[in-house]
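Participant: Build me a model:
(one chain, ligands or ions: 1)
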Amino acid sequence: MHPSPELANDVLAWVDPGVGRFERALLLDRDGVINVKIDDGYVLDFDRDFRLIDAFERAMAPFCDARIPAVIVSNQSCVGRGLIGREAMREVMTRVIAALRSRGIRIAGYVICPHAPDARCACRKPEPGLLFEAERRFGIRLGESAFIGDSATDATAGERAGCPTFLVDAADEARYFLAFEQAYRLTAAPLRVGNE
Ligand SMILES: [Zn+2]
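Facilitator: Numbering: from 1, shown residues only. Take a look at the predicted model:
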């Protein structure tokens, strides 16, 4: 086992109680992967700010069919910057999860770093702590899972955590689908390592 870094104990996390423990998951960054990223802004109000990326529903279909659990892994420094409270952020996430479920996409949970960059926490990507938090909370094996992000910080966090990472580009739909297909091939394949 790799050593997990010390984490601030106030990571925002939620686990769907209807989903049992699972060994592998599709880890998803939120802004730029699930919903359209707002330049120099944050999703502070669901109705005003959250717009699903057009391709997301179709890209997720194979994971839904194969019942591969999806977990959201997201930096939301808007909490630490004082732009939104923790409970309001939880309410935004509840709306996000309900909106996805209405399209047949079930999210098994989320882990969110609420800290501002100057807090120097161990969870804000590119640090790997948020991925380790997902590993701990869900019991997943990061090396058998896949992470889809949209930035160099996601790639670095995935590399440091030992989780295969694929990047999407909002302006390139072919690359968007390719990242999901690569992640699917990995997570739908037989486990590469035997049971411990
Ligand atoms: Zn953090």
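
Participant: how many neighbours does Cys78 have?
Facilitator: Here the count is done by other Cβ atoms under 10 Å, and Cys78 has 18 residues near it. C-beta here means a position set from N, CA and C on the backbone, and glycine is covered the same way.

Participant: What does it show for phi and psi?
Facilitator: Note on Cys78: its backbone torsions stand at phi -60, psi -30 [degrees, to the nearest 10].

Participant: try Glu127
Facilitator: The phi/psi pair for Glu127 (degrees, to the nearest 10) is phi -60, psi 150.

Participant: quick one: which helix or strand includes the spatially closest residue to it that is not a sequence neighbour?
Facilitator: Residue nearest to Glu127 in three dimensions, not counting chain neighbours: Ala157, with 6.6 Å by Cβ to Cβ, 6 or more residues apart in numbering. Using DSSP states H and E, Ala157 maps to helix 152-161.

Participant: so what strands line up beside the helix or strand just after that helix?
Facilitator: Counting by DSSP H and E, the next helix or strand C-terminal to helix 152-161 is strand 165-167. Sheet pairing here is set by DSSP bridges, and for strand 165-167 it gives strand 146-149 (parallel).

Participant: Give me the contacts around the partner strand.
Facilitator: For strand 146-149, contacts defined as Cβ atoms under 8 Å, 6 or more residues apart in numbering pick out 26-29, 32-33, 73, 125, 131, 154-155, 157-158, 161, 163-168, 179-180, 182-184, 186-187.

Participant: The same query, at a cut-off of 7 Å, please.
Facilitator: Contact with strand 146-149 is made by 26-29, 33, 73, 131, 154-155, 158, 163-168, 179-180, 183, 186-187, as judged by Cβ atoms under 7 Å, 6 or more residues apart in numbering.

Participant: cool, stretch 111-122 as well?
Facilitator: Stretch 111-122 has contacts (Cβ under 7 Å, 6+ apart) with 5-8, 10-13, 73-77, 79-81, 86, 89, 123-124, 129-130, 133-134, 137.

Participant: mind running it again at 8 Å?
Facilitator: Stretch 111-122 has contacts (Cβ under 8 Å, 6+ apart) with 5-8, 10-13, 71-77, 79-81, 86, 89, 93, 123-125, 127, 129-130, 133-134, 137.

Participant: list the contacts for Ile140?
Facilitator: Neighbouring residues of Ile140 by Cβ under 8 Å, 6+ apart: Phe22, Glu23, Arg24, Ala25, Val71, Ala134.

Participant: ok, now Ala88?
Facilitator: For Ala88, the contact set (Cβ under 8 Å, 6+ apart) comprises Leu44.

Participant: can you pull the buried residues of the helix or strand harbouring it?
Facilitator: For Ala88, the element it lies in under DSSP H and E is helix 86-101. Neighbour counts over helix 86-101 (16 or more other Cβ atoms under 10 Å) mark Met89, Val92, Met93, Val96, Ile97, Leu100 as buried.

Participant: tally of neighbours for Gly104?
Facilitator: Neighbour tally, Gly104, other Cβ under 10 Å: 11.

Participant: ok, Cys78 touching Tyr42?
Facilitator: Yes - here Cys78 lies in contact with Tyr42, judged by Cβ atoms under 8 Å, at a distance of 3.9 Å.
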